[in-house]
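> Fold the following, please.
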Amino acid sequence: MPTPLFIYGTLHPDRAPAEIASAVRRLTSIGAATVRGRLLDLGAYPGVLLDTTAPVIPGELFLVPDDETLAALDAYEDFRPASPEASLFLRVEAAATLPDGSSLNCWVYIYNR
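Numbers count the residues shown, from 1 in each chain. All right, here's what the predicted structure looks like:
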């Protein structure tokens, strides 16, 4: 079953580096959305810390078609489900806000340092 994912950085199909490009080409855009948090400039890529009292972070919602694609994205983001404390990013559930004001639960990668 396809899974919604909020993308705010290098996983976006328009910005994806070569090593993850084939996986992100399998994503289907749902459309623009926002989450609340702090956007961090980590040099080569951004990171997010979710915070419901912080400003909105613009991004886009995509459907991840299958577990294989999700596993490829996890590996690229250095999310290790069996060892979250060693992960650079965590994949967590969050509520993204759509342009019409409704919300959709989705995955988002957050910075884990």
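> For the most far-flung residue of the chain relative to its centre, identify the helix or strand it belongs to.
Distance to the chain centre peaks in the chain at D100, reaching 20.6 Å (criterion: CA atoms, centre = their mean). Assigned by DSSP states H and E, D100 belongs to no helix or strand.
> Just list the residues touching it, thanks.
Residues near D100 by CB atoms under 8 Å, 6 or more residues apart in numbering: none. (Glycine included, C-beta is placed from N, CA and C.)
> Repeat the analysis, applying 10 Å as the threshold.
G31 (CB atoms under 10 Å, 6 or more residues apart in numbering).
> so how far is A33 from it?
Counting by CB to CB, to the nearest Å, the gap from D100 to A33 is 11 Å.
> buried residues in the helix ranked longest in the chain?
Using DSSP state H to define each element, the chain has its longest helix at helix 67-76. Across helix 67-76, burial judged by 16 or more other CB atoms under 10 Å covers T69, L70, A72, L73, D74, Y76.
> So in the chain, which strand runs the longest?
If you go by DSSP state E, the chain has its longest strand at strand 28-41.
> State the mean pLDDT of that one.
Averaged across strand 28-41, the pLDDT comes to 96.
> May I see the buried residues of that strand?
So for strand 28-41, counting by 16+ other CB under 10 Å, buried means I30, A33, T34, V35, R36, G37, L39.
> Touching, the fourth one and L98? I think so.
No - proximity of V35 to L98 does not meet the contact threshold set by CB atoms under 10 Å, at 11.3 Å.
> For this structure, give me the ranges with low pLDDT.
Per-residue confidence of the chain (counting by pLDDT under 70) places no residue in a weak region.
> quick one: the strands in it?
3-7, 28-41, 46-50, 56-64, 89-97, 103-111.
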